[in-house]
Each structure stands twice: as C-alpha cells, then as structure tokens.
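Undergrad: Sequence first, predicted model second:
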Amino acid sequence: MNQPVIGFGSHLNHIAWWRSPPPTGTRRRSRSAVSAALSNRLERETHMSTDTRYAIVGTGNIGSALARLFARAGVEVSIANTRGPRSISELAASWGSTVRAVTLTEALASDVIFMAIPFGAVETFSNALPDWNGKIVVDTTNAHYAPNAGDILKGRLSSQYAAEVLPGAQIVKAFNQLPAQTLAAEVPSGQGKRVVFVSSDSDEAGSQIAELARTLGLSPVELGRIDEGGRLIEAPGALVLRNFTEQPLT
C-alpha cells in the first residue's frame, strides 16, 4: 500500500511516498500487479498523447498559466475566448508552436476542455454546446470569490453545479487550488515536482487528467469523488492555497 508522508520545509511543504514491503508469499503477485499497472499507465499515456485533443477556454490568469504548462511540456493545446483568436494570437505565439489560438467552436470540439473562466460565466459557457456527452471538462473555477455564488450554488459544490449545467460531461475538479502565478512557475531544480489535486466522480476521467498532469511535469494526487475529496479543494477548503511538492526517495 502506498501512503503519503507529509513533511514541512522552510519554503514549501513536501510530499514523499513510500511503499511497505509485501507480506511473505505475495512478492511475486505484487510484482505482477505492479507490472500490469505500469503497462496500463503506459497505454493510457500513449493514447492520450496521440489521440486526445486538449483545449483551454479562457485566457485570463488560470488559462494563461495552463497554456504555459502545456508549452513547457511540449503538449499541443488549443486556446480560445469569446473575443476570437485574433485577440490572443500574439499571446499564443509567445508560448510557442504547441499552443494554438482558435475559435470557441473549434475549442469545444476537443476531447478535454479546461473551463478556465470566472464562475459567474459557467452557465453561459454551458449553452455553447447542446450536448456535452463524451467531453471531459476540467473545472478550474473557484466559486468562493464570485458574487452571488451562494444564491447560485444553494448548498452544492461548484463542480456539482457544473455537472448539472453541462449534462453528459465528465467533470474533473483540478488546477484550482493554487494562485495562477504559482501554478505556472517552475519548481527550482532538485526541489521536486509541484503537487496538484484531482477529484472526479468518474474514475476514468480523474485518472486521465492525473496522467496529463504528470505529462505536464506535475505530481497529481487523486482525491476521489467530488462530494468527498473534492470538498478539500473547493475554496476555502483545507487544501486550497497549499503549495506542496513531491520529493524523490533517496
């Protein structure tokens, strides 16, 4: 069983992982299970890198931070806003050839869509497609800071609300617990990988975004369902604004 060990450094909090030795008589089966898990992970990563189309909708702080992460990792992504690609063509060019400014319609044709918009715009965003089936929507919003959020949510979590107004979409809560500038910043060499938290009611969608986070050079921690672990990354939850890094075992 893998268990998190959390320590506290002078600048950043750190997460390390350790594995306890298997009980006597189970080592061969454990090795087989690990080999199968690694094979499945490699298959998912290969599928994602060759087939999956990614798009960021929103060019504000979080949208721009996500674009920087994709550019740094060399992963192709399209980016769009309601003003059209010409409004962000120079900005997209500054990120490099893997980030492409497109129309909103083209962005919404992608398989994985990062909803990097103000929470108050979610309902309007939901009307952009009549049917969200087959889409993974990554909810990066923080309703806590939005005016009238309480009246909109009525006790629901923001991602639960998103699931209601985006029928058919698989909602993943992620990339929202840190300030945009922190999320986009490179961790100094030798200080580990920045942790991001991932929560979804779909195990498959959550795992896919976790694998993408690894590809982007981050260290994902999957928290389970939105109504459980997702509460921890809904502002002002316990993991919001917690800047963790994963340290290699030495």
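TA: Thanks, I have the structure now.
Undergrad: Could I get the full set of helices for the chain?
TA: Using DSSP state H, the helices of the chain run over 27-51, 61-73, 89-95, 104-107, 122-126, 149-153, 158-165, 180-184, 203-215.
Undergrad: Tell me which of these sits nearest to V196.
TA: Between V196 and the helices of the chain, the tightest spacing by CB to CB is seen for helix 203-215, at 5.3 Å. Using the backbone N, CA and C atoms, a C-beta is placed for each residue, glycine as well.
Undergrad: and that closest one, how far from the chain's centre?
TA: Per CA atoms, centre = their mean, to the nearest Å, the displacement of helix 203-215 from the mean C-alpha position of its chain is 8 Å.
Undergrad: Just the buried positions in it, please.
TA: Neighbour-count burial for helix 203-215 flags 205-213, 215 (criterion: 16 or more other CB atoms under 10 Å).
Undergrad: got it, and stretch 186-195?
TA: Within stretch 186-195, judged by 16+ other CB under 10 Å, the buried ones are 187, 192-195.
Undergrad: Skipping adjacent residues, who's closest to the residue nearest the centre of the chain in space?
TA: Centroid check for the chain by CA atoms, centre = their mean gives A174 as the closest residue, at 3.8 Å. Excluding the flanking residues, the one nearest A174 by CB to CB, 6 or more residues apart in numbering is V198, at 4.5 Å.
Undergrad: Was I right to think the one you found contacts I209?
TA: Yes - counting by CB atoms under 8 Å, I209 is a contact partner of V198 at 5.5 Å.
Undergrad: A238 and G230 touch, don't they?
TA: No - with contact defined as CB under 8 Å, A238 does not reach G230; the gap is 11.9 Å.
Undergrad: And the two? Which one has more around it.
TA: Relative neighbour count places G230 above the other of A238 and G230, with 27 against 10, counting by other CB atoms under 10 Å.
Undergrad: for the more buried one, what are its contacts?
TA: G230 sits next to 157, 159, 173, 199-200, 223-224 when contact means CB atoms under 8 Å, 6 or more residues apart in numbering.
Undergrad: and with 6 Å instead?
TA: By CB atoms under 6 Å, 6 or more residues apart in numbering, G230 lies in contact with 159, 173, 199.
Undergrad: Including distance to V138 and neighbour count, could those residues go into JSON lines?
TA: Formatted as JSON lines, these follow (distance: CB to CB, whole Å; neighbours: other CB atoms under 10 Å):
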{"residue": "S159", "distance to V138": "10", "neighbour count": "28"}
{"residue": "K173", "distance to V138": "8", "neighbour count": "30"}
{"residue": "S199", "distance to V138": "11", "neighbour count": "29"}
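Undergrad: mean pLDDT lowest for which of the helices of the chain?
TA: Of all the helices of the chain, the minimum mean pLDDT falls on helix 27-51 (a mean of 51).
Undergrad: Now do the contacts for S159.
TA: Shown in contact with S159 (CB under 6 Å, 6+ apart): 139, 171, 173, 226, 230.
Undergrad: Name the nearest of the contacts of G230 relative to A71.
TA: Taking CB to CB as the measure, A71 lies nearest K173 of these, at 23.4 Å.
Undergrad: Could you tell me how far that closest one is located from A146?
TA: Per CB to CB, to the nearest Å, K173 is found 15 Å from A146.
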